[in-house]
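> A predicted structure for the sequence below; I have some questions about it.
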Amino acid sequence: MLPDAWISSWLPWFLAAIAFATLELFLPVFVFLFFGIGCLGVALALLVFDIHLSQQLVIFIIVTISSLVMLRKWMMGIFRGVTTDRTDKDFDDFPYGERVQVLRDINPSQPGRIQHRGTAWDAVADESIEAGTTVEIIGYAATSRQTFQVRKI
């Protein structure tokens, strides 16, 4: 049997901190880690002071919110990572320069449709282009990354 000193009010908070940290590994949100930090703060406070449940909850809230405010941006930078070279074309899937067929007339005031990789996409152009014409993809439209900017060849 465990001594009473081992089974204290800090132990459930410590176990909750471990549970939240473990939960953070399995869920795609970045907030459970801060709940774990709050639980760990309460567990450490209970090792030093004898405090009541209401005070424990206040400490949990204060530590959780302050860690969230102070550490989230910094930790997101660490876990998200950084790309140093954005000129790598091996993973660039943009079809710049691809020639495609116009399915529905394109006017400067109204988008049309093009056939790209077996799918119909919205397309805009600075000039009128009739259906059946072959055009070249030159970029994304200014309004959406789901719409291509095209030009006559």
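Everything's here; your move.

> which strands and helices sit next to the worst-scoring helix or strand of the chain on mean pLDDT?
Across the helices and strands of the chain, mean confidence by mean pLDDT, DSSP states H and E is lowest for helix 53-80: a mean of 87. Applying 3 or more Cβ pairs under 8 Å, 6 or more residues apart in numbering; DSSP states H and E, one finds that helix 53-80 contacts helix 32-48. Backbone N, C-alpha and C define where each C-beta goes, glycine included.

> what bits of this protein have low per-residue confidence?
Where the chain drops to pLDDT under 70, the residues are 1-7, 78-93.

> buried sites along the least confident helix or strand of the chain?
For helix 53-80, the neighbour count (16 or more other Cβ atoms under 10 Å) marks Gln56, Ile59, Phe60, Val63, Thr64, Ser67, Leu68 as buried.

> how about a markdown table for those residues, with distance to Glu24 added?
Listed next are the buried residues of helix 53-80 as a markdown table, based on distance: Cβ to Cβ, whole Å:
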| residue | distance to Glu24 |
| --- | --- |
| Gln56 | 22 |
| Ile59 | 21 |
| Phe60 | 17 |
| Val63 | 16 |
| Thr64 | 13 |
| Ser67 | 13 |
| Leu68 | 13 |
